[in-house]
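1. Build the 3D model from these lines:
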Amino acid sequence: MKLFYSILIILLAINVAKGQSNPIEKVIDSCIAKRNFNGVVLIARNGKIDYIKYTGLANRHYNISFSAKSRFQIFSVTKTFTATLIMQLYEQGKINLDSTIAAYYPDYKGEAAHKVTIRNLLTYSSGRYLKEMDPKFIPEAYDQNLWPVDTFINRYCSEKLIDVPGTKFNYSNGDFIILGRIIEKIYKKPFDVILREKILTPLKMLNTNYWHHEDIVANLDEGYYNKDGNVDSLIIPTNHYIDNHFSAGAMYSTAQDLLIFDQAIFNHTLLKKSTVDTMLTSYPKLGDVAFGFWVYSRKIGKTNTIFAERQGGGYGNESNWVHLIDKGITLILLSNTETADLNKMRLDVLNAYLNSKQVRN
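-> From the prediction side, this is the model:
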């Protein structure tokens with residue numbers, strides 16, 4: 001009889017768990033069916049995973065499904081790692097946020113050298129003409145050539161100023177590539193070595209790293225473009241050199257590792273609370289950008305919250321990382337098909353999660 005009741009309790013618990021996950025499953029299943037979402041969804045509360053789901057194919061040549069072993073190309077999420085390295089230097093008194101580029105990178109030849117500050121770079125408000133983001137130059141800058149970092153900066157990130165520094169938000173890779181070079185200059189080491197020494201190794205992020213185009217990375221996914229707007233028709237992007245993205249986008253990771261990084265930032269493991277507060281202070285006149293994130297108040301369904309977000313994307317790969325600061329909730333979406341509109345998907349997933357019975361209780 002005791003065995004019967006034990007089995008009954010287990011079955012009821014399973015059914016309750018399924019019932020609780022149904023709203024989230026419904027959203028994700030819809031994204032899979034309608035938008036061909038392939039990748040991973042992770043939801044955590046106070047660092048503990050409440051929900052994780054892998055779906056679709058990491059590699060279509062060999063029919064390899066996504067799994068816990070899969071590593072994702074995270075592109076501009078790299079910028080948050082770079083911002084964290086800068087804030088470590090700030091905390092140590094080795095960098096002044098209001099000093100100019102030339103103070104740390106005297107070889108920099110652009111007009112911005114003595115006019116643009118570290119703070120301007122962190123908030124994408126350098127005012128440079130962004131040659132590295134101009135569609136006319138993107139194939140040459142990223143796809144067709146492998147550039148030494150200084151050459152890339154001299155060629156694409158050293159143009160004249162077209163806006164007063166600090167007055168206008170203009171998203172770029174170059175501002176964070178310059179920051180990466182400044183980090184190298186201060187430490188007198190390569191960026192990837194510094195990244196491992198200061199963040200990845202201390203946090204035991206074993207499935208995260210900086211990578212070069214010639215590296216063989218086990219379990220790394222492939223990115224796919226959609227063809228002619230058809231979400232079910234996917235193609236391989238043209239060749240590109242990931243090295244050229246440098247400290248603005250040359251990393252891979254997993255959802256679980258990004259959760260480790262998330263918790264290290266928001267629980268003040270890597271940086272003091274006062275430093276994190278500075279990092280997360282947004283600039284409303286610059287589109288609510290902070291250092292490595294965007295931070296602002298937002299309503300999701302019926303829930304008011306404080307939203308910290310970071311996106312990344314390139315060559316079919318997409319990343320979307322959200323931390324609800326006042327609720328301790330983390331959502332990480334990683335995909336390789338660029339079809340799912342992760343900015344919309346995240347709101348639908350969060351709305352389902354926040355209104356589920358398990359969260360209300």
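
2. Okay, now the unreliable bits of the protein?
-> For the chain, applying pLDDT under 70 flags the ranges 1-21, 357-361.

3. Which stretches in it count as helices?
-> Using DSSP state H, the helices found in the chain span residues 2-35, 78-91, 118-122, 138, 149-156, 174-187, 191-195, 246-249, 255-266, 273-279, 342-354, 357-360.

4. Throw those helices into a markdown table and include mean neighbour count, thanks.
-> Where you see a C-beta, it was placed from the backbone N, CA and C, and this is true even at glycine. Formatted as a markdown table, these follow (neighbours: other Cβ atoms under 10 Å):
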| stretch | mean neighbour count |
| --- | --- |
| helix 2-35 | 13 |
| helix 78-91 | 24 |
| helix 118-122 | 24 |
| helix 138 | 16 |
| helix 149-156 | 18 |
| helix 174-187 | 24 |
| helix 191-195 | 20 |
| helix 246-249 | 26 |
| helix 255-266 | 21 |
| helix 273-279 | 15 |
| helix 342-354 | 20 |
| helix 357-360 | 12 |
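
5. Redo the ones you listed as CSV? Include distance to Ile236.
-> Formatted as CSV, those follow (distance: least, Cβ to Cβ, whole Å):
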stretch, distance to Ile236
helix 2-35, 20
helix 78-91, 22
helix 118-122, 33
helix 138, 18
helix 149-156, 25
helix 174-187, 26
helix 191-195, 26
helix 246-249, 19
helix 255-266, 24
helix 273-279, 37
helix 342-354, 21
helix 357-360, 40
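
6. of those, which approaches Lys285 most closely?
-> Closest to Lys285 of the helices of the chain is helix 118-122 (Cβ to Cβ; 12.9 Å).

7. List of residues touching the closest one?
-> 83, 86, 95-101, 104, 126-127, 165-166, 175-176, 178-179, 182, 291-292 (Cβ atoms under 8 Å, 6 or more residues apart in numbering).

8. Compare the helices of the chain and give me the one nearest Asp228.
-> Closest to Asp228 of these is helix 2-35 (Cβ to Cβ; 15.5 Å).

9. if we compare the helices of the chain, which one ends up closest to Glu309?
-> Nearest to Glu309, of all these, is helix 342-354, at 8.1 Å by Cβ to Cβ.

10. Tell me which residues are up against that closest one.
-> With Cβ under 8 Å, 6+ apart, helix 342-354 has contacts from 23-24, 26-28, 30-31, 35, 37, 41, 43, 50-51, 300-301, 303, 311, 318-320, 322, 324, 329, 331, 333, 335, 359.

11. Would you mind extracting the C-alpha trace of that helix into PDB?
-> Below are the C-alpha coordinates for helix 342-354, written out as PDB (Å, rounded to 0.1, in the frame of the first residue of the first chain):
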ATOM      1  CA  LEU A 342      14.600  36.500 -30.200                       C
ATOM      2  CA  ASN A 343      13.600  40.000 -29.000                       C
ATOM      3  CA  LYS A 344      10.000  39.100 -29.300                       C
ATOM      4  CA  MET A 345      10.500  35.500 -28.200                       C
ATOM      5  CA  ARG A 346      12.100  36.600 -24.900                       C
ATOM      6  CA  LEU A 347       9.100  38.700 -24.000                       C
ATOM      7  CA  ASP A 348       6.700  35.900 -24.700                       C
ATOM      8  CA  VAL A 349       8.800  33.400 -22.700                       C
ATOM      9  CA  LEU A 350       9.200  35.800 -19.800                       C
ATOM     10  CA  ASN A 351       5.500  36.600 -19.800                       C
ATOM     11  CA  ALA A 352       4.600  32.900 -19.600                       C
ATOM     12  CA  TYR A 353       7.100  32.300 -16.900                       C
ATOM     13  CA  LEU A 354       6.300  35.300 -14.700                       C
END
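
12. I'm done for today, thanks for sticking with me.
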